[in-house]
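**Student:** sequence and computational prediction follow.
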Amino acid sequence: GKGLIKNAKDGWGIAPRTAMGQRADGAIMFVVIDGRQPGHSIGANLYDVQQIMLKHGAVIAANLDGGSSTVLVKDNQILNKPSSEHGERYLPTAFLVFDHPEQVDIPNIWNGLGPEDIDPAKW
């Protein structure tokens, strides 16, 4: 519940960001910020992300992989505007959130794929 980043100079500059946090009541929060796109969004620094998390009651938070890995999907639709110049990327990890997880069947989309089947331009 206390920010450890003291000012905007700390961290890795301005970029697309993805972070998650947790409030004292156990609720999990995510923040997704586009970036590297003048006229749309330049992004945020880690201090900005920290301040957003604190404003919404986070008692703990973590910066995740950002950059062109910053993607928010709902109902199979990308909701944000990722910064990858190569389009949609293959992402090996994700947080999946469901209203009724017991009713969800998630197929392994990597099953049966070999290196020759993956477009390296999307990495």
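**Tutor:** Perfect, thanks for sending it. Residues are numbered from 1 along each chain as shown.
**Student:** so which residues of this protein form strands?
**Tutor:** Secondary structure of the chain (DSSP state E): strands at 17-23, 28-33, 58-63, 73-74, 77-78.
**Student:** if you compare those strands, which one is most tucked away?
**Tutor:** Comparing those by mean neighbour count (mean count of other Cβ atoms under 10 Å), strand 17-23 comes out on top with a mean of 20. Just so you know, the C-beta spots here come from the backbone N, C-alpha and C atoms, and that holds for glycine as well.
**Student:** in space, not sequence, find me the middle residue of this protein.
**Tutor:** residue 18 (3.0 Å; Cα atoms, centre = their mean).
**Student:** doesn't residue 64 make contact with that residue?
**Tutor:** Yes: proximity of residue 18 to residue 64 meets the contact threshold set by Cβ atoms under 8 Å, at 4.4 Å.
**Student:** re the thing from before, closest one to residue 3 among the strands of the chain?
**Tutor:** Closest to residue 3 of those, according to Cβ to Cβ: strand 58-63, at 9.3 Å.
**Student:** what's in contact with stretch 104-115?
**Tutor:** 96, 98 (Cβ atoms under 8 Å, 6 or more residues apart in numbering).
**Student:** list the contacts for residue 45?
**Tutor:** With Cβ under 8 Å, 6+ apart as the criterion, the residues that contact residue 45 are 8, 11-15.
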